[in-house]
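K.L.:
Sequence and predicted structure are below.
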Amino acid sequence: MRSTASILHLDLDAFFASVEQRDKPSLRGKPVVVGGVGARGVVSTASYEARKFGVRSAMSSAEARARCPHAAFLGGRFDAYREASGIVMARLRELSPVVQPLSLDEAFVDLAAGDDFDPERVEELVEELRADVTRRTHGLTASVGVASSKLMAKIASEINKPDGAFIVQPGTEADVLGPMQVTAIPGVGPATTERLRRLGVATVEDLRRFTADDLGAHVGPTTATSLYRLARADDDRPVEASRETKSISVEDTFETNLVDRVQLTAIAEQMARRVAQRLRANGLSGRTVTLKVRYHDFETHTRSTTLTGPTDHGGVLAATARRLLDAEDLGGGLRLLGVGVSGLADWVQDDLFSEPEPEEDLVPLPSRDERARRRGWSPGQDVTHTEHGDGWVWGSGLGLVTVRFETRESPSGPVKTFPADDPALSARASVSSVEP
DNA sequence: TCTGGGGTCCTAGGACCC
DNA sequence: TCTGGGGTCCTAGGACCC
């Protein structure tokens, strides 16, 4: 904790909903809910008009609709949000090079790292900043907190929200924090709150009665140490301008539960390929592939495997995801499926896959009967299939197979091949190469 | 019609190695 | 001949954040 109030936290008010109201005047002054509009959607942001009816972030859209049927329910326009966010982040970088965005609508700024920061004139700086943000974004408002630490700056930005600011005078941190509920401390969620409640702790002052060791018995040593310090406003975490990405993932909750393994396999492979594209777009590769499944009853499992080296190859990630899904009992169907990769590196072990990732260069698919014949199955047999990406997934009474084409150059031109290492192929078929 | 999607961090047990 | 100790990696799950 430093001796001056030089860490700033900015939070845009009801951000997504405010962008919608800005861009559509008919929505101004009215309840607006941005979030998933489908049967399984949840609220991302509610305008203050909608909050009066009890609509909150993370609430199911169904409940939001029940509480506020006359609200405008919108799916969200992320390009517009990204643009507005960019304008605000650029304004913050005029204050200091050390800006740490937490999301599209929130960031910390280390004012002391700026050129001519004058602690005596923080209030001026804050009001100028807030006015600029509103002007440059054509009407969005921001709440701002400034304090001697990240903890107190973030808490301060809440105090006069929306469209307000609060500066915590150095030396008063513990007094400001003491009367607050423990939930005001970032990182204290429902589970920790309940454990603390059983100890008779409701406010931060209550929390200060316990030693770190006492707390450790109930919330674990790491959380305990952190809580002990934060309760005393003892926080020296630096503002970090750039943080390393640790994982990349894609997931989807289905409108209705999916039971068809063939279809789910196709979806998992497609997700893996999207993850690969995002890896490549960021110049990254990853070693650990994780499959996430959520059953009809919301029970959630993850299955992961670590490759011998990092890859950004869609085919490899897809085959790995498929293998993980193959090992999973799908039970009564899935409501969610996801694929992610972690163990990221900024290089690719490319000795095994020195060829570039094949583009989505589809040959016309052979007929269903032809595909069955190539697999050694009888034409006309009941074969289901799902086309996707650069191949297809199909199955029959004989089992399930996922097959992808890859294109390789040969003296006679491009040849479509099945990957020789595809375990699905080795099970039955001897076909390893097919002329286009 | 309960419960998104994209993340980070922590815990805990087992394998494995020295 | 009766059971080490520490370090690291891997996997699974859970809490939490916006």
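P.N.:
Now that the structure is in, tell me what you want to look at.
K.L.:
Wait, a strand at A:Ala50?
P.N.:
No - assessed with DSSP: H, G, I helix; E, B strand; the rest coil, A:Ala50 is helix; it does not lie in a strand.
K.L.:
Next up, the contacts around the closest residue in space to it that isn't next to it in sequence.
P.N.:
Distances taken as C-beta to C-beta, 6 or more residues apart in numbering place A:Pro31 nearest to A:Ala50, at 3.6 Å, with adjacent residues excluded. For every residue, glycine as well, the C-beta is placed using N, CA and C. A:Pro31 sits next to A:46-47, A:49-50, A:52-53, A:55, A:68, A:70-72 when contact means C-beta atoms under 8 Å, 6 or more residues apart in numbering.
K.L.:
make it 6 Å
P.N.:
A:47, A:49-50, A:68, A:71 (C-beta atoms under 6 Å, 6 or more residues apart in numbering).
K.L.:
Give me the phi and psi for it.
P.N.:
Torsion angles at A:Pro31 (phi, psi; degrees, to the nearest 10) stand at phi -70, psi 130.
K.L.:
Give me the residue at the spatial middle of chain A.
P.N.:
A:Ser249 (7.5 Å; C-alpha atoms, centre = their mean).
K.L.:
What residues does the stretch 1-150 of chain A have near DNA strand B?
P.N.:
A:36, A:39-42, A:44, A:57-58, A:60, A:62, A:65 (C-beta under 7 Å from any atom of the strand).
K.L.:
tell me what the helix or strand harbouring A:Ala84 is packed against?
P.N.:
In this assignment (DSSP states H and E), A:Ala84 forms part of helix A:78-93. Under the contact criterion of 3 or more C-beta pairs under 6 Å, 6 or more residues apart in numbering; DSSP states H and E, helix A:78-93 touches helix A:15-23, strand A:99-103, helix A:122-136.
K.L.:
does any part of that helix sit near DNA strand C?
P.N.:
No - judged by C-beta under 7 Å from any atom of the strand, helix A:78-93 makes no contact with DNA strand C; its nearest approach is 10.3 Å.
K.L.:
buried residues in that helix?
P.N.:
A:81, A:84-85, A:88, A:91-92 (16 or more other C-beta atoms under 10 Å).
K.L.:
Who are the contact partners of the residue in chain A that DNA strand C sits nearest to?
P.N.:
For chain A, the residue closest to DNA strand C is A:Gly189, as judged by C-beta to the nearest atom of the strand, at 2.2 Å. Taking C-beta under 6 Å, 6+ apart, we find A:Gly189 in contact with no residue.
K.L.:
same deal with A:Ser149?
P.N.:
Taking C-beta under 6 Å, 6+ apart as the test, what A:Ser149 contacts is A:1, A:235.
K.L.:
and it, what pLDDT?
P.N.:
With respect to pLDDT, A:Ser149 scores 98.
K.L.:
same check, this time on A:Arg373
P.N.:
For A:Arg373, the predicted pLDDT is 44.
K.L.:
Could you check how far the closest residue to A:Val289 other than its chain neighbours is from A:His138?
P.N.:
On the basis of C-beta to C-beta, 6+ apart, the spatially nearest residue to A:Val289 that is not a chain neighbour turns out to be A:Thr320, at 4.4 Å. Per C-beta to C-beta, to the nearest Å, A:Thr320 is found 46 Å from A:His138.
K.L.:
Not including adjacent chain positions, what is the nearest residue to A:Gly178?
P.N.:
A:Glu205 (4.4 Å).
K.L.:
quick one, which of A:Thr320 and A:His138 is more surrounded?
P.N.:
More crowded of A:Thr320 and A:His138, by other C-beta atoms under 10 Å: A:Thr320, with 25 against 11.
K.L.:
Could you list the buried residues of the one helix or strand the more buried one maps to?
P.N.:
Element membership for A:Thr320, per DSSP H and E: helix A:314-326. Of all the residues in helix A:314-326, those buried under the rule 16+ other C-beta under 10 Å are A:314-325.
K.L.:
what sits against A:Leu104?
P.N.:
Contacts of A:Leu104 (C-beta under 6 Å, 6+ apart): A:81, A:85.
K.L.:
The one 3 residues further on now?
P.N.:
If you count contacts by C-beta under 6 Å, 6+ apart, A:Ala107 has them with A:10, A:92, A:99, A:101.
K.L.:
you'd agree the third one is up against A:Arg91?
P.N.:
Read that as A:Val99. No - counting by C-beta atoms under 6 Å, A:Val99 does not reach A:Arg91; the two are 9.8 Å apart.
K.L.:
For chain A, what lies in contact range of DNA strand C?
P.N.:
Residues of chain A found near DNA strand C (C-beta under 7 Å from any atom of the strand) are A:58, A:102-106, A:154, A:186-193, A:287-288, A:300-306, A:343.
K.L.:
Quick one, which of those residues are buried?
P.N.:
Using 16+ other C-beta under 10 Å, the buried members of the residues of chain A next to DNA strand C are A:104-106, A:154, A:188, A:192, A:287-288, A:343.
K.L.:
Can you flag which of those belong to helices?
P.N.:
A:154, A:192 (DSSP state H).
K.L.:
a markdown table please, covering the buried ones among the residues of chain A next to DNA strand C and showing pLDDT.
P.N.:
Below are these laid out as a markdown table (pLDDT from 0 to 100):
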| residue | pLDDT |
| --- | --- |
| A:Leu104 | 97 |
| A:Asp105 | 98 |
| A:Glu106 | 98 |
| A:Lys154 | 98 |
| A:Val188 | 97 |
| A:Thr192 | 96 |
| A:Arg287 | 96 |
| A:Thr288 | 98 |
| A:Gly343 | 97 |
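K.L.:
In terms of distance to A:Val262, which of the buried ones among the residues of chain A next to DNA strand C ranks first?
P.N.:
Proximity of those to A:Val262 was ranked by C-beta to C-beta; the top entry is A:Thr288 with 26.3 Å.
K.L.:
contacting residues for the closest one?
P.N.:
A:304, A:306, A:342-343.
K.L.:
and the helix or strand hosting A:Gly145, what does it pack onto?
P.N.:
Using DSSP H and E, A:Gly145 maps to strand A:142-147. On a contact count with 3+ C-beta pairs under 6 Å, 6+ apart, strand A:142-147 meets strand A:7-12, helix A:122-136, helix A:150-159, strand A:165-167.
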